[in-house]
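Student: got a sequence here, can you build the structure:
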Amino acid sequence: QVQLVESGGGLVQAGGSLRLSCAASKRTFSSYVMGWFRQAPGKEREFVAAISWSGKSIRYADSVKGRFTISRDNAKNTVYLQMNSLKPEDTAVYYCAATQYGISSDGSRYAYWGQGTQVTVSS
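Tutor: Numbering: from 1, shown residues only. Here you go, the predicted model:
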């Protein structure tokens, strides 16, 4: 079992920045691919970004490419999502997730999920 706890969400004006963190409980965190997903009210969950165990392979959704940066610190069992140039359409609950499969944008491949953190971007 891997327990994931997100933090760093909040209210920010359009054009602002936030950094989300996701702390994992398991010592073998470094063996997991980590992903960020989001779900806006009335919409389906969507992929945001994912990072391989080494950090060398990264994937982004087109909607966040160039604005968001995913990173990880295996020594701290933590994955981050730096979000810059935020837009009102980025408003959602953001979830981190872990998988022992390869890097993927498919949420069904992630076995472990955090509770989520709310990000609200005002116009």
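
Student: quick one: secondary structure of residue 29?
Tutor: Following DSSP: H, G, I helix; E, B strand; the rest coil, the label given to residue 29 is helix.

Student: so what pLDDT did it get?
Tutor: Per-residue pLDDT puts residue 29 at 82.

Student: right, and residue 80 touches residue 72 too?
Tutor: Yes. If you go by C-beta atoms under 8 Å, residue 80 and residue 72 touch, sitting 7.0 Å apart. All C-beta atoms are positioned from the backbone trio N, CA, C, and that covers glycine.

Student: give me the more crowded residue out of these two.
Tutor: Shown here are residue 80 and residue 72; by other C-beta atoms under 10 Å, residue 72 has more neighbours (23 against 20).

Student: list the contacts of that one.
Tutor: 34, 51, 55, 78, 79, 80 (C-beta atoms under 8 Å, 6 or more residues apart in numbering).

Student: mind checking which of the residues you listed are buried?
Tutor: For the contacts of residue 72, a neighbour count by 16 or more other C-beta atoms under 10 Å gives the buried set as 34, 51, 78, 79, 80.

Student: got the residues you listed as CSV, with secondary structure and distance to residue 62 columns?
Tutor: Formatted as CSV, the buried ones among the contacts of residue 72 follow (DSSP: H, G, I helix; E, B strand; the rest coil; distance: C-beta to C-beta, whole Å):
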residue, secondary structure, distance to residue 62
34, strand, 20
51, strand, 17
78, strand, 26
79, strand, 21
80, strand, 21
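
Student: report the two of those residues separated the most.
Tutor: The widest separation within the buried ones among the contacts of residue 72, taken as C-beta to C-beta, falls between 51 and 78 and amounts to 11.6 Å.

Student: so what pairs up with residue 79 in the strands?
Tutor: residue 22, residue 72 (DSSP bridges).

Student: check contacts around it.
Tutor: Neighbours of residue 79 in contact, by C-beta under 8 Å, 6+ apart: 21, 22, 24, 34, 36, 51, 70, 71, 72, 73, 96.
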